[in-house]
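Asks: From the sequence below, what's the structure:
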Amino acid sequence: MARDNLVKAGRLEYVDLRLGDATEVIRTLPGPFDLVFFDADRTTAPDQLLLLLAKLSPRALILAENALSLQHVIVPVGKGLSAAFSAPT
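Replies: The predicted structure is shown next:
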């Protein structure tokens, strides 16, 4: 479906589309990444996020899907630290 949507949008040539087990795919990616759209299930998300964090550029942006299923808190340290974690259902 992703490939079809990229073709329809005329953007397939700009995307390196990888198919397979996401955790294994992330292990093979060299990084660094400036932008990550993170959409993982609750079981594999922690491992995938740890793998990704090591591959982020210093000023990377992470966009996370299913944000309403995350616990989130702002810690008043310095200019503020945002911390989020997956909440059980």
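Asks: Tell me where this protein has helices.
Replies: For the chain, the helices defined by DSSP state H cover 2-8, 22-28, 45-53.
Asks: Quickly compare these and say which is most buried.
Replies: Here the criterion is mean neighbour count by mean count of other Cβ atoms under 10 Å, and of these the winner is helix 45-53, at a mean of 15. Bear in mind the C-beta positions are built from the backbone N, C-alpha and C, glycine included.
Asks: helices or strands next to it in the packing?
Replies: helix 22-28, strand 33-38 (3 or more Cβ pairs under 8 Å, 6 or more residues apart in numbering; DSSP states H and E).
Asks: Can you give the contact residues for the first one?
Replies: Right, helix 22-28. Residues lying outside helix 22-28 but in contact with it, judged by Cβ atoms under 8 Å, 6 or more residues apart in numbering, are 18-19, 40, 44, 47-48, 51-52, 55.
Asks: Over to the shortest one?
Replies: When contacts are taken as Cβ under 8 Å, 6+ apart, the neighbours of strand 33-38 outside the stretch itself are 45, 48-49, 52, 55-57, 59-65.
Asks: Any chance of a ChimeraX selection covering the buried ones in these?
Replies: Applying 16 or more other Cβ atoms under 10 Å to these, the buried members can be selected in ChimeraX as follows:
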select :45,48,49,52,56,64
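Asks: give me the beta-bridge partners of the spatially most central residue of the chain?
Replies: The central residue of the chain, meaning the one whose C-alpha is nearest the mean C-alpha position (Cα atoms, centre = their mean), is Phe38 at 2.3 Å. Following DSSP bridges, Phe38 is listed with bridge partners Ala64.
Asks: just to revisit the earlier point, looking at the contacts of strand 33-38, which one is closest to Arg3?
Replies: Of all these, the one with the least separation from Arg3 (Cβ to Cβ) is Glu65, at 18.9 Å.
Asks: From what I see, the closest one and Ala45 are in contact.
Replies: No - counting by Cβ atoms under 8 Å, Glu65 stays clear of Ala45, with 10.1 Å between them.
Asks: average pLDDT for stretch 45-54?
Replies: Stretch 45-54 comes out with an average pLDDT of 89.
Asks: who touches that stretch?
Replies: For stretch 45-54, the surrounding residues in contact (Cβ under 8 Å, 6+ apart) are 22-23, 26-27, 31, 33, 36, 38, 40, 62, 86.
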